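Participant: Need a 3D model of the following:
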Amino acid sequence: MRNNNRKPNQLRDIQIKSNVNMWAEGSVEIFMGNTHLVCTASVSETTPKWLNKAGQGWVTAEYGMLPRSGDFRMSRERGFNSGRSQEISRLIARSLRAVVDLSQLGERMIHVDCDVLQADGGTRTAAITGGFVALSLALNHLTKKSLIKTLPLKNYVSAVSVGILDSKIFLDLDCKEDQSCETDMNFVMTDENQFIEIQGTAEKKTFSQNQLSDMIEVAQSGCKELFKKQSEIISPFFEKK
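Facilitator: Numbers count the residues shown, from 1 in each chain. As a prediction, the model looks like this:
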């Protein structure tokens, strides 16, 4: 039996609270069950040196876990991030850039910080889902200030985990499920059912093509629910046709 008597294809309880940081151009708190993150989007009127005078903007991201975000205290990352944090940071940045028209952003950069306050599985997927809302709020801030002419968003993006446990497919794994599952996958998708990234590993047992198809179907249904939750905040200024 899953925690809270969840069905195999059921997400954990989701909450997204906007404008939780008075200084950031965009900010949210996101709760996915017991996983809890703060995502902020900060606008800088500069771009990376390699984009100097390229006539476009950039979106980057950083991910990190606070020392007691897990079941034991980890050392605070100083000077450089761990390999895991760097890998997740790049994943978040790729996912967000995929749905932004960088040519419409102008020569500026948006830095999305995703900080894990409490981890109970699915922190990278929650970071993408919440980071997109924070980014969208920052982009809307730029349009309201007339710093950019049009909102440079192309699509919604969200992410969710799917796993196989005892040969059954489960959506949105918590930490206990993630540690026990036979196969662990993360799906990043747009609201047009397009994939940005699929990460998958057979942890204990290989999986078939039919199982992969079933996992994709379950992930699509989960992301659809996440888009609805994001739209509660974003739809007033970004309503997809």
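
Participant: residues contacting the most centrally placed residue in the chain?
Facilitator: Residue closest to the average C-alpha location in the chain (Cα atoms, centre = their mean): I128, at 0.8 Å. Residues near I128 by Cβ atoms under 8 Å, 6 or more residues apart in numbering: L91, I92, S95, L96, V157, S158, A159, V188. (Each C-beta comes from the backbone N, C-alpha and C, glycine too.)

Participant: can you give me the helices in the protein?
Facilitator: Here the chain has its helices, by DSSP state H, at 83-97, 123-144, 175-180, 209-234.

Participant: tell me the mean pLDDT for the first one?
Facilitator: In this case it means helix 83-97. Helix 83-97 shows a mean pLDDT of 94 in the predicted model.

Participant: Can you spell out which helices and strands pack onto it?
Facilitator: strand 58-65, strand 109-118, helix 123-144, strand 157-165, strand 195-202 (3 or more Cβ pairs under 8 Å, 6 or more residues apart in numbering; DSSP states H and E).

Participant: I'd like the contacts of I128 written out as CSV, with distance to C39 and neighbour count added.
Facilitator: Formatted as CSV, the contacts of I128 follow (distance: Cβ to Cβ, whole Å; neighbours: other Cβ atoms under 10 Å):
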residue, distance to C39, neighbour count
L91, 14, 22
I92, 9, 29
S95, 12, 26
L96, 10, 24
V157, 13, 28
S158, 13, 28
A159, 13, 27
V188, 15, 26
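
Participant: Now the two most distant members of those residues.
Facilitator: Across the contacts of I128, the longest distance by Cβ to Cβ is 13.3 Å; it joins L91 and S158.

Participant: what do these two both touch?
Facilitator: Shared contacts of L91 and S158 (Cβ under 8 Å, 6+ apart): I128, V188.

Participant: for the closest residue to V160 other than its chain neighbours, what are its contacts?
Facilitator: Here the nearest residue to V160 in space, its sequence neighbours aside, is G222; by Cβ to Cβ, 6 or more residues apart in numbering that works out to 4.1 Å. Going by Cβ under 8 Å, 6+ apart, G222 touches N9, L11, V160, V162, L171, D172.

Participant: Same question for A93.
Facilitator: Contacts of A93 by Cβ under 8 Å, 6+ apart are V59, T60, A61, V112.

Participant: Return the closest of those with respect to L147.
Facilitator: Nearest to L147, judged by Cβ to Cβ, of these is V59 at 15.4 Å.

Participant: Give the bridge partners for the nearest residue to A202 once chain neighbours are set aside, please.
Facilitator: Spatially, and ignoring its direct neighbours in sequence, A202 is nearest to T183 (5.3 Å; Cβ to Cβ, 6+ apart). Beta-bridge partners recorded for T183 (DSSP bridges): I164, A202.

Participant: In stretch 175-192, which residues are buried?
Facilitator: Neighbour counts over stretch 175-192 (16 or more other Cβ atoms under 10 Å) mark 175, 177-178, 181-191 as buried.

Participant: wait, stretch 95-114
Facilitator: So stretch 95-114, judged by 16+ other Cβ under 10 Å, has buried residues 95-100, 102, 104-106, 108-114.

Participant: still on that earlier bit, just put the contacts of A93 in TSV and tack on pLDDT and distance to E203.
Facilitator: Shown next, in TSV, are the contacts of A93 (pLDDT from 0 to 100; distance: Cβ to Cβ, whole Å):
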residue	pLDDT	distance to E203
V59	97	31
T60	97	30
A61	97	26
V112	98	29
